[in-house]
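Colleague: pasting the sequence and the predicted model now:
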Amino acid sequence: MRAAGTRRSGGSHKMTIGFIGLGRMGRPMASNLCRKGFHLIVNDVNPQAVRELEQLQAASAATVAEVAQRSEIIVTMLPNGAIVRDVVGGAGGIIDHAREGALILDMSTVDPETTDALGARAKAKGLAFVDAPVGRLASHADRGESLFMVGAEPKDFERVKPLLEAMGSTIYHCGGVGAGTRTKLVNNFLAVASCQFNAEALALSQRFGLDLARTLDVLYGTTAVNGQLKIAWPDKVLAGDVTPGFTIDLAHKDLTLILEAAHAAKVPMPMAAAAHEAFSTARARGFGGQDFSAMVDALCDLAGIEKPRVKR
Ligand code: NAD
């Protein structure tokens with residue numbers, strides 16, 4: 001389902017949107033909002049990231065508190081739960097400084113407890129809270145083609161829908177607050193663990209001395225295929241581009257969240273545990289800052305196998 005509603009592009013929107021966290025994902029998401037007529041006030045601990053948004057006519061604020069005071073909706077796109085708890089719920093954070101009736105839209109990937117706790121605290125202060133983690137690749141975010149999985153009260157979903165339509169192309173309302181975060185963990189288990197499956201398969205193919213392009217033809221033509229192998233990898237590691245994208249460090253963070261949530265829910269996930277340690281190994285060998293498709297490079301490096309590259 002794509003959420004119904006009018007796509008407003010190029011128009012001007014009277015509301016002020018706060019946007020905190022302008023990294024690999026937040027930067028294109030905020031840029032798409034600016035280009036589609038939203039008035040933004042942005043903040044990031046990295047001044048260069050802020051300057052890039054200022055060039056698109058966004059205002060900036062030196063503190064999170066100032067962003068909160070000046071915005072009707074405040075978006076956060078931050079690395080992890082600890083930082084989200086600090087920026088949203090810490091001293092000098094959004095909940096302490098937001099205007100009455102403001103809405104906090106957290107789009108980061110975090111643990112369900114963080115979402116639930118911040119949602120409850122926001123509600124107690126008369127603020128609305130929505131979790132809307134982001135699916136698909138960073139390159140989709142660049143093009144405004146992300147998928148959003150939203151946890152929200154129905155009236156709050158309606159408030160954030162115009163923003164989501166400006167940043168993405170597919171929107172799913174998954175349930176109440178917390179349902180977006182939980183859906184994201186389910187999604188990312190498969191999205192991240194399949195990188196490890198692909199890494200092992202292609203390392204074996206390389207060791208066998210098979211023709212890589214022909215092996216890929218076979219994999220793309222059977223049920224062995226998966227989205228990483230078919231959609232993400234051809235333009236990333238297989239083309240020799242390991243710039244992130246989505247880092248191995250962040251993928252490892254997601255596997256940690258997935259395992260913690262699974263342990264709490266008493267759901268055994270042995271494949272997630274194995275993938276988690278494979279990602280730990282890649283990080284220990286210095287691959288943490290590379291794109292998560294470089295899991296195959298980490299394994300080939302470990303085993304002394306030539307990295308798989310498809311000539312174009
Ligand atoms: P990133 O590390 O590139 O960006 C995070 C940004 O937050 C950086 O610009 C950093 O300077 C800023 N930041 C950190 N602490 C801050 C603070 N206290 N105040 C203000 N700014 C602060 O990460 P990313 O790849 O953009 O990912 C962001 C979130 O989205 C993560 O939770 C990630 O798991 C999730 N995600 C990433 C992708 C992807 O493909 N990269 C896709 C979907 C979801």
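Modeller: The structure has been received and is ready for your questions. Source: prediction; values computed, not measured.

Colleague: list the buried ones in the top helix by length along the chain?
Modeller: As far as residue count goes, and with DSSP state H defining each element, the longest helix of the chain is helix 179-208. Neighbour-count burial for helix 179-208, with 16 or more other CB atoms under 10 Å as criterion, is recorded at 179-185, 187-189, 191-199, 201-203, 205-206. (C-beta placed from N, C-alpha, C; glycine too.)

Colleague: so the residue of the chain found nearest the ligand, which state does it fall into?
Modeller: For the chain, the nearest residue to the ligand under the criterion CB to the nearest ligand atom is residue 23, separated by 1.7 Å. Here residue 23 takes the coil state, with states given by DSSP: H, G, I helix; E, B strand; the rest coil.

Colleague: contacting residues for it?
Modeller: 44, 46, 49, 77, 79 (CB atoms under 8 Å, 6 or more residues apart in numbering).

Colleague: what about the residues you listed, which one has the most neighbours?
Modeller: Within the contacts of residue 23, residue 77 tops the neighbour count with 26 neighbours, counted by other CB atoms under 10 Å.

Colleague: now do the contacts for that one.
Modeller: Taking CB under 8 Å, 6+ apart as the definition of contact, the neighbours of residue 77 are 19, 20, 21, 22, 23, 25, 26, 29, 30, 107, 108, 134.

Colleague: thinking again about what came up before, distance from the longest helix of the chain to the middle of the chain?
Modeller: For helix 179-208, the separation from the chain centroid amounts to 15 Å (computed by CA atoms, centre = their mean, to the nearest Å).

Colleague: packing partners for that helix?
Modeller: helix 112-124, strand 128-131, strand 146-151, strand 168-175, helix 212-220, helix 248-264, helix 270-284, helix 295-303 (3 or more CB pairs under 8 Å, 6 or more residues apart in numbering; DSSP states H and E).

Colleague: wasn't residue 306 part of a helix?
Modeller: No: according to three-state DSSP, residue 306 belongs to no helix; its state is coil.

Colleague: can you read off the pLDDT for the most centrally placed residue in the chain?
Modeller: The central residue of the chain, meaning the one whose C-alpha is nearest the mean C-alpha position (CA atoms, centre = their mean), is residue 134 at 4.7 Å. Taken from the predicted model, the pLDDT recorded for residue 134 is 98.

Colleague: what number of residues lie near the residue lying closest to it once chain neighbours are set aside?
Modeller: Across the structure, with CB to CB, 6 or more residues apart in numbering as the measure, the residue nearest residue 134 apart from its sequence neighbours is residue 146 (5.0 Å). Around residue 146 sit 26 other residues, with neighbours defined as other CB under 10 Å.

Colleague: so what pLDDT did residue 146 get?
Modeller: pLDDT, the model's per-residue confidence, is 98 for residue 146.

Colleague: next one: the one 4 residues further on
Modeller: According to the prediction, residue 150 has pLDDT 98.

Colleague: how many neighbours does it have?
Modeller: Close neighbours of residue 150, defined as other CB under 10 Å, add up to 25.

Colleague: cool, and residue 277?
Modeller: The burial count assigned to residue 277 is 12, neighbours taken as other CB under 10 Å.

Colleague: quick one: contacts for it?
Modeller: The neighbours of residue 277, taking CB under 8 Å, 6+ apart as the test, come to nothing; the list is empty.

Colleague: so who does residue 290 touch?
Modeller: Residues touching residue 290, when contacts are defined by CB under 8 Å, 6+ apart, comprise 242, 243, 244, 247, 248, 297.

Colleague: include distance to residue 278 when you put the contacts of residue 77 into CSV, please.
Modeller: As requested, those are exported to CSV (distance: CB to CB, whole Å):
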residue, distance to residue 278
19, 34
20, 32
21, 28
22, 31
23, 25
25, 24
26, 28
29, 30
30, 33
107, 27
108, 24
134, 24
